[in-house]
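**Student:** With the sequence up front, the predicted model follows.
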Amino acid sequence: MFKKIIVFEGVDGSGKTYHLNLASKYLKKKKISFIKIREPGGTKNSEYLRKLILSDKSKMEKKTDLLLYLAARCETFNKVIIPNRKKIILIDRFIDSTYAYQHYGFGLSMNLIKKINNFILGGVKPNFTFLHILPEKKLKKKISGKKNKYDKFKKNFYLKVQKGFIKLSKNNKKKYLLINSNNKKKVNQLIIRDKIDKLVKIK
Ligand code: TYD
């Protein structure tokens, strides 16, 4: 039913958005029909929820945060992902971010997140994920330049989140490619491009 859902994951500052943008330019050049979205976001309502969640002033309960992320996903899924299912869909963060941040980072129930994701997505899963990994020593440095409310968290939190992402990738190794953010950008660009060629069958 879905053409292909390709996700760019990783902790804040890991380079996922940079590489997603390059990938989208590449698909455009190759005249492949695609859409590019981010989570939370992608629709008027979910961008509104994004602002609410990420604003520094809204010191929300972590359970409230979880529900808002999932509410935003529900909007994005129904209003953007489903209508564009015949196109390649590039997403900046998806299901794994919720497991990595809300479960591995904040300790909320994995089972509950699974159930609600299933309720929203009805079993739809990404076809492939590029997981961007920041070397431990760079975790804090990179993050300190950013500005949403998660950026105040300690390095230890991001370590837990990153370890969570890696655990998730081990459940289904064929569907993940780990991108080492320590490599030169150009090297990673070519690694990602090569995989996209295969996923999208570009000759
Ligand atoms: P991101 O788009 O990477 O932020 P920025 O624009 O600052 O690069 O993601 C926003 C934040 O939301 C990020 O810190 C991770 C968090 N997040 C969750 O905690 N759970 C989720 O399910 C999602 C989608 C994002």
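**Tutor:** Nice, I can see it.
**Student:** Just checking, which helix or strand of this structure averages the lowest pLDDT?
**Tutor:** helix 136-144 (a mean of 68; mean pLDDT, DSSP states H and E).
**Student:** Following the chain past that helix, name the next helix or strand.
**Tutor:** Per DSSP states H and E, the first helix or strand lying C-terminal to helix 136-144 is helix 155-170.
**Student:** Can you point out the buried residues in that following helix?
**Tutor:** For helix 155-170, burial by neighbour count (16 or more other CB atoms under 10 Å) applies to 157-162, 164-165, 168-169. In short, each C-beta sits where N, CA and C put it, glycine included.
**Student:** Checking that helix against the ligand, do any of its residues make contact.
**Tutor:** No: Helix 155-170 is not in contact with the ligand by CB under 6 Å from any ligand atom; minimum separation 8.2 Å.
**Student:** For this structure, just list every one of the strands.
**Tutor:** Ranges of strands within the chain are 4-10, 34-38, 88-92, 128-133, 176-180, based on DSSP state E.
**Student:** Out of those strands, the one nearest Gly122 is which?
**Tutor:** Smallest distance to Gly122 across these (CB to CB): 13.5 Å, for strand 4-10.
**Student:** Only C-alpha atoms, please: export that closest one in PDB.
**Tutor:** These are the backbone C-alpha positions of strand 4-10, laid out as PDB (Å, rounded to 0.1, in the frame of the first residue of the first chain):
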ATOM      1  CA  LYS A   4       8.400   3.700   0.800                       C
ATOM      2  CA  ILE A   5       8.800   5.400   4.200                       C
ATOM      3  CA  ILE A   6      12.400   6.400   4.800                       C
ATOM      4  CA  VAL A   7      13.200   7.800   8.200                       C
ATOM      5  CA  PHE A   8      16.200   9.900   9.500                       C
ATOM      6  CA  GLU A   9      16.700   9.300  13.200                       C
ATOM      7  CA  GLY A  10      19.200  10.200  15.800                       C
END
